[in-house]
Every structure is written in C-alpha cells, then in structure tokens.
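Enquirer: Let me see the structure of the following:
(one chain, ligands or ions: 1)
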Amino acid sequence: MSTHTNSGLQDALKEYLYTPRYLDVIDSLTPTSIFRFNASETGIVDLFNDNSLIFLQELKNAIIRIKQQSFPGIDIAFEFSKLTVELTVDENVLLHDLSPKYENSPIQFVCEVIGMDERKSHIIETYVVCPKCFTEEKMVADFYKKVPKGYCGNPSCKRQLMEPDMSRTKTEYIQTVLIQEPLEQAVNNSPVIFTAKIYGSHIGKVFVGQKKRVTGIFKSIVNTKDDENDIVIQLISMEDLDLCDTLLPSDSEIEDYKRQLSDPKKFISKLVDSFAPEIYADDLYKDIKLSILLQLVGGVKTRKRGDINQLLVGDPSMAKSELLKASRRLTQKSIFTSGRGASAAGLTIGIVELPNGRKVAQAGVMALCSGGHAMIDEFDKMNPSDRSAMHEAMEQQTVSIAKAGINLTLPAQTSVMAAANPIYGKYDLERNLAENLNLPPPLLTRFDFIWLLVDVVNTQDDTSKAQHILSSYDMAYENVGMPEDKLMAYLNYARQLKPTLSKSTHMKLISVYNSMRSKSTSESITVGVRQLEAMVRFSMARAKLLLKSEVDEEDVMEVTKLLKSSYRSLRIDLDKGEGTTQHMITENSSKDYVAKQTWDNVAGIEKKLKYRDYINALSEHPKFDAVSAEKMWNSMVKECQIKQNGDGSWEKTV
Ligand SMILES: [Zn+2]
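Expert: Residues are numbered from 1 along each chain as shown. Next comes the predicted model:
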C-alpha cells in the first residue's frame with residue numbers, strides 16, 4: 001500500500017503513456033479536452049489501487065509533462081489546469097453480481113443513493129520526521145488505512161520510529177453513503193445495498209435519491225471488531241443519471257403532431273391506441289388508458305400539487321399490473337414496485353444501520369422517484385408504517401422521519417399509480433370500496449381517480465377480447481398507433497408545458513362541480529373539494545396533452561366525462577346522484593367513525609400523533625372542514641379520550 005510517492009507514480013504513468021497510441025491522443029489535446037483513460041489495463045490496475053486517491057491528479061500531471069515537451073520554453077501547466085481526465089473501466093456490473101473476483105479492480109455500475117452519514121475528515125498526506133537525524137519522508141494514506149508508520153532508514157538511527165509533522169498534514173473530507181442497485185435491476189424485488197465511501201470533490205454533490213453511474217473499486221476492509229470483513233466501494237467518479245437527456249420529439253415531428261392536432265379527438269384516440277396496444281380496450285379501458293396518459297403528462301404545480309394519483313382496483317387478471325408496467329415503459333424516471341416494499345425503507349423512508357453502527361435514513365420508492373412516477377402494484381399489501389407515511393407523501397409530497405436521532409425530510413414530488421386487489425379475492429359488489437380494500441378511507445381520498453375493474457362475463461366483450469388477442473398474432477395485424485419511444489418522447493414534450501387556466505374556464509369548472517355536487521345526497525357525499533381539485537389537474541393535463549397554451553371548456557367537459565366514467569366503474573351514476581349500491585369511500589361513516597379512523601391512520605403503529613397532522617388529515621375528509629375538525633378535537637379533549645405526552649404528541653387514553 002501507498003508505497004509510491006507522488007512523483008514515483010507520475011513517472012510510472014508518464015512511462016506508460018509514452019506509446020504512439022497515447023502520444024497521438026496527448027498531442028491532440030486542447031486545454032478544454034476530456035482525456036479518457038482506461039484504468040482496467042494490465043499494469044495500471046495495481047498502480048491505480050495503490051494510489052487511487054491521487055491517481056487522477058498524477059495522471060493529469062504526467063499528461064501535462066508530456067505535452068510540455070512540445071512547447072519548450074513556455075509553461076503550459078496553468079493553461080492545461082482545466083484539462084479533464086476521466087477514468088473508464090471495462091467491467092460494467094450489476095451490483096447483485098458483485099463477487100470477490102472483482103475485489104480491488106475498478107468496476108462501473110448504476111446505483112441509487114439511498115442514505116448518507118455526516119461528512120468526516122481523514123489524512124491524505126503527511127510528513128514524518130526522524131527525531132534523531134531529522135530525515136523526513138512524505139507519507140500518503142488511503143481513506144481506508146491510517147497513515148503508515150515510518151521507520152528511519154539511516155543505519156545509525158536503528159529503525160527509529162519517525163513522528164508525523166502535523167503542521168504539514170493535508171486532510172480531506174470523506175463521507176459514507178449507502179447505495180442500492182436500481183429496483184429495475186433487482187432480483188426478486190430485493191435490491192442489494194452497499195456502503196460506499198466518497199471523498200474530495202464528490203462531497204456535496206451527492207444527495208439521497210439520486211441515480212448515478214459510478215466508477216469505483218470494490219474492496220474488503222478488515223474490521224478489527226469482527227472476524228468478517230466489511231465490504232466498501234470506493235467511488236472514483238460518478239455521472240448523474242437524473243440529468244440524462246430527456247427523450248424529446250424532433251422539431252419536424254412536433255410540427256407534424258401540431259398538424260394532426262387540428263382534429264384533437266382523432267389525435268387523442270391515436271395516443272390511446274398507441275398505449276399498451278397489447279391490452280384489449282373496451283370503452284372503460286380506453287378511458288383508463290387516457291387517464292393514465294394524462295397522469296404521465298401531469299397537471300401544473302401551483303400551491304397545490306400538480307401530480308396526479310390514480311388507483312386501479314379490481315379482480316385479478318384484469319391487466320392492472322400490465323397497465324402499470326406499460327406506463328413504466330413510457331417514463332424515464334419511474335419505478336415499478338410492489339406495496340410489500342422492495343427495501344427496508346419500503347415505499348417512503350426508513351432507517352438502516354451502517355457497518356460502523358451509525359443509523360442513517362434510507363430513502364424509499366417515493367423519495368427515489370421524486371420528479372417522476374411510482375407504479376405501485378399490490379398497494380393494499382404495504383406495511384403499517386408506510387400506510388401512515390403515504391398520507392404525507394401523496395398530499396404534502398414529502399417523506400419524513402423523526403426517530404433514532406434522525407430528523408430528515410426528503411422531497412417526494414412523485415405521481416402515484418397504484419393497483420390494489422380486493423381482500424376477498426374477488427370484488428364484492430355488495431360491499432363498499434373501503435370494505436373491499438383493506439385500505440383506510442383517508443388514504444383512498446389521496447387518489448384523484450379510482451377505477452374499478454370487475455370481471456363480469458359478457459359474451460360480446462369476450463369475443464372481441466379473444467379476437468384482439470388473436471389479431472396480435474396475425475402477421476397482417478397493423479398497429480395504427482405510435483411506437484413506444486415516439487409516444488414517450490411526445491409525453492415528455494407535453495409534460496414540460498405550463499398551460500394557464502382562464503377565469504372563464506375556472507367558472508366552468510365550478511359550475512360543473514356544483515351541478516354534480518347538488519345531485520349528491522347528503523347521506524352519500526360522493527363529490528367534494530377533492531374531486532374539484534382532481535378535475536383542475538386533469539383539465540390542465542389534457543391541455544398539455546394537446547399542446548395547448550390555455551385550458552379551455554372542451555378540456556373541462558372531456559375530463560368531466562372521464563370523472564363520470566371512473567364513478568360509473570364504481571357503480572355510481574353522477575348524473576342521477578346515486579349508485580346501484582352505495583360504493584363510495586365515505587359511505588356509512590358517521591363523523592365519530594371518521595374521526596376514529598383518521599386517528600388510527602395518522603397515529604399509525606406508534607399510536608401517537610401531532611395535533612396539526614390530525615387536524616389537517618381530518619379536515620380533508622369530505623365530512624369535515626377546518627372548523628368542524630377543530631370542534632371534534634376539542635370534544636375529544638373534553639371527554640378525556642386523548643391526552644398529551646411529554647414530547648408534545650397526543651395519544652388515546654383507552
Ligand atoms: Zn534518523
């Protein structure tokens with residue numbers, strides 16, 4: 001370890017570069033060039049491993065020294081100080097394939113940063129001095145080893161232990177981060193997690209939730225407290241994958257789309273037909289496909305969230321997962337996962353222990369997908385802590401944790417598309433949505449639209465379905481829609497737009513809302529403020545999907561049709577203001593019942609909550625507003641149903 005001094009390494013690299021192949025490259029370099037160097041080559045790997053911290057700098061120095069020879073008499077070091085030197089490696093590995101055979105060799109992989117410790121400092125370079133003869137020697141250290149002890153080589157000093165000169169010690173920041181393989185690469189939805197060390201210029205550029213392409217070295221470090229070694233990845237260079245280029249249509253394609261948009265309904269049909277064409281679509285499925293496209297494009301963020309959340313409920317074999325997976329394919333930043341959770345952090349946020357015993361927060365799916373979409377299958381199977389945390393994630397668009405000395409809030413501007421199965425295996429039309437779902441009603445209200453897919457035998461439908469399946473095997477079958485990559489580019493383009501909502505359109509939205517609300521009977525309030533907000537988001541999204549700069553009445557009317565269709569799937573006819581059987585979330589729920597349910601959901605497994613969280617959650621329920629929520633609270637306090645703890649939180653007395 002660390003046997004090479006800086007200049008020794010520089011000489012060795014200079015010698016290595018002195019081949020026609022490299023000399024040509026070096027000759028062509030300008031001060032702003034990028035020099036790419038393969039660190040996997042024989043003869044280099046060892047040099048690199050012994051000096052990984054200073055390797056890049058010395059490589060650059062060696063290049064400049066060679067370059068200098070072409071400019072006798074002129075100092076070019078300053079001019080070339082901006083030269084970029086990057087390491088490349090041959091091995092692209094998946095993190096779950098890492099094995100001891102990769103030890104000490106540079107590898108490249110893609111990962112997500114899911115947690116990080118505080119930054120610390122360590123010594124990278126110091127001088128040791130012999131106290132007898134004052135011989136001095138420069139010592140270089142690596143992040144995972146202490147500065148080696150130096151013994152004086154002067155025979156008369158008899159291997160005298162040299163002492164470090166602290167005044168000439170250079171230190172550098174170092175930080176421990178937790179990295180996880182991307183969920184889409186994970187086997188069995190169980191991504192592997194590694195501890196990695198970052199240092200130097202990388203510090204301050206790594207954040208929880210980022211996706212990175214990393215070049216690093218896989219090392220095992222002797223753990224003095226344990227017989228087993230710790231595995232650590234030393235990060236050398238990284239590239240942000242969040243900033244990867246968004247796939248967009250070309251200018252001529254955009255012009256072509258704008259021409260086709262002269263017939264908006266026909267164009268929308270084309271988009272819908274292009275989305276998951278393998279899934280047979282009757283009228284209901286066409287509406288669902290359109291709603292999903294609108295979700296992928298999203299609303300416009302104002303003081304309220306612009307992201308749309310939707311839930312598909314229904315019998316198995318209704319292609320719910322397939323719809324989720326097809327949406328995943330159309331988005332660049334998204335994760336398809338199961339509610340069971342793909343990691344210890346689950347869907348929101350959790351705590352994980354580092355090998356050094358420190359606990360750090362670990363970001364879950366909602367935080368990792370911020371700015372994108374989370375496709376969550378088996379939403380009903382999520383763990384209890386996620387249940388309460390998802391309230392916050394889906395409305396405030398943050399996930400936070402406050403325990404074990406960790407206080408962290410991460411952004412989660414994530415649009416959720418979820419699928420859930422009924423508890424009884426098959427959806428029971430005699431029971432309401434909440435009873436069928438094993439999901440708390442307040443959480444259900446987080447979804448803008450809910451779609452129910454019930455498997456009913458219908459001969460005519462079954463025939464068309466069978467024909468559709470057969471036709472996809474037919475060579476003559478022609479897909480009239482757009483290919484998936486073109487559709488993705490189109491949606492990306494539409495997603496960036498920010499149409500405005502004119503006063504008259506706003507009035508139209510309110511009048512449509514009022515007319516639907518007036519038909520809702522007081523005992524089964526089905527349409528509330530949340531539905532109005534959902535309609536605003538969907539209307540914005542429709543204007544975006546049609547590349548409009550302003551939301552118009554047609555958007556409002558078409559979105560109203562979708563809203564009614566979603567209610568119809570739940571067996572509720574908004575035009576009549578009644579359902580064949582009452583199927584809405586709020587059905588049969590007295591205010592006391594709602595207050596109790598909300599308490600349980602907000603309090604979660606810890607069985608305690610904060611006053612503000614409860615009032616916020618309760619006042620969002622259609623049966624409550626801010627004033628009545630406050631009243632409910634006061635009566636619970638008065639009746640001693642709840643009491644305050646020492647830390648300011650509240651819990652039930654019984
Ligand atoms: Zn000495």
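Enquirer: Surely residue 551 is in contact with residue 537?
Expert: No: using Cβ atoms under 8 Å, residue 551 makes no contact with residue 537, being 10.6 Å away. Quick note: C-beta positions are derived from backbone N, CA and C, even for glycine.
Enquirer: Quick check: the gap between residue 537 and residue 82.
Expert: 46 Å (Cβ to Cβ, to the nearest Å).
Enquirer: For those two, indicate the residue with more neighbours.
Expert: More crowded of residue 537 and residue 82, by other Cβ atoms under 10 Å: residue 537, with 26 against 10.
Enquirer: Relative to residue 334, how far out is that one?
Expert: For residue 537 relative to residue 334 (Cβ to Cβ), the value is 18 Å.
Enquirer: before we move on, back to that, intersection of neighbour lists for residue 551 and residue 537?
Expert: By Cβ atoms under 8 Å, 6 or more residues apart in numbering, residue 551 and residue 537 have no common neighbours.
Enquirer: Going by proximity to the ion, name the top residue of the stretch 551-654 of the chain.
Expert: Nearest to the ion in the stretch 551-654 of the chain, going by Cβ to the ion, is residue 647, at a distance of 60.7 Å.
Enquirer: And the pLDDT at that residue?
Expert: For residue 647, the pLDDT comes out at 86.
Enquirer: Tell me how many other residues crowd it.
Expert: Look at residue 647: counted by other Cβ under 10 Å, it has 7 neighbours.
Enquirer: Ok, the one 4 residues further on next?
Expert: Other residues lying near residue 651 total 14 when counted by other Cβ under 10 Å.
Enquirer: and what of residue 391?
Expert: Burial of residue 391, expressed as a neighbour count using other Cβ under 10 Å, amounts to 23.
Enquirer: Pretty sure residue 444 is one of the things it touches, is it not?
Expert: No: assessed by Cβ under 8 Å, residue 391 is found out of contact with residue 444, at 10.9 Å.
Enquirer: re earlier: go over the secondary structure and confirm the residue of the stretch 551-654 of the chain closest to the ion is in a helix.
Expert: No: applying DSSP: H, G, I helix; E, B strand; the rest coil, one finds residue 647 to be coil, outside a helix.
Enquirer: gap between it and residue 610?
Expert: 10 Å.
Enquirer: Ok, residue 548 next?
Expert: As judged by Cβ to Cβ, residue 548 and residue 610 stand 42 Å apart.
Enquirer: quick one, which of those two is more surrounded?
Expert: It is residue 548, of residue 548 and residue 610, that has more neighbours when counted by other Cβ under 10 Å, with 19 against 15.
Enquirer: show me where the stretch 251-400 of the chain has helices.
Expert: All helices of the stretch 251-400 of the chain, identified by DSSP state H, counting those that start in this stretch, fall at 251-260, 264-274, 283-297, 320-329, 365-368, 384-395.
Enquirer: quick one, domains of this protein?
Expert: Per automatic domain parsing, the structural domains of the chain span 6-91, 99-240, 251-584, 591-652.
Enquirer: surely residue 111 meets residue 212?
Expert: Yes: under the criterion of Cβ under 8 Å, residue 111 makes contact with residue 212 at 6.1 Å.
Enquirer: Need the residues touching each of the two.
Expert: Counting by Cβ under 8 Å, 6+ apart, the contacts common to residue 111 and residue 212 are residue 179.
Enquirer: Who has more neighbours out of the two?
Expert: Between residue 111 and residue 212, counting by other Cβ under 10 Å, residue 111 is the more crowded of the two (29 against 21).
Enquirer: what's near enough to touch that one?
Expert: 95, 179-182, 194, 211-212, 214 are the contacts of residue 111 under Cβ under 8 Å, 6+ apart.
Enquirer: okay, now the closest residue to it other than its chain neighbours: neighbour count?
Expert: Leaving aside its sequence neighbours, residue 111 sits nearest to residue 179 (Cβ to Cβ, 6 or more residues apart in numbering; 4.1 Å). Residues lying near residue 179 (other Cβ under 10 Å) number 27.
Enquirer: helix or strand right after the helix or strand encompassing residue 179?
Expert: Residue 179 is part of strand 163-180, with elements assigned from DSSP states H and E. Downstream of strand 163-180, the first helix or strand assigned by DSSP H and E is strand 193-199.
Enquirer: Please tell me how far that next one is from the chain's geometric centre.
Expert: 19 Å (Cα atoms, centre = their mean, to the nearest Å).
Enquirer: Identify the residues contacting it?
Expert: 53, 95, 98, 111, 114, 122, 143-144, 172-180, 206, 214, 216, 230-235, 343, 352, 354-355.
Enquirer: Return only those of these found close to the ion.
Expert: The subset of the contacts of strand 193-199 lying close to the ion, counting by Cβ under 5 Å from the ion, is empty.
Enquirer: Residue 354 is in contact with residue 178, isn't it?
Expert: Yes: counting by Cβ under 8 Å, residue 354 does reach residue 178; the two are 7.2 Å apart.
Enquirer: So which of these two has more stuff around it?
Expert: residue 178 (23 against 16).
Enquirer: Okay, and the beta partners of that one?
Expert: On the basis of DSSP bridges, residue 178 is bridged to residue 115, residue 195.
Enquirer: how many other residues sit next to residue 328?
Expert: Look at residue 328: counted by other Cβ under 10 Å, it has 17 neighbours.
Enquirer: Could you check how far it is from residue 337?
Expert: Taking Cβ to Cβ, one finds residue 328 at 10 Å from residue 337.
Enquirer: which residues are common contacts for the two?
Expert: Taking Cβ under 8 Å, 6+ apart as the criterion, residue 328 and residue 337 both touch residue 375.
Enquirer: Identify each of the strands in the stretch 451-600 of the chain and give its residue range.
Expert: Taking DSSP state E, counting those that start in this stretch, the strands of the stretch 451-600 of the chain run over residues 500-501, 550-551, 572-573, 578-579.
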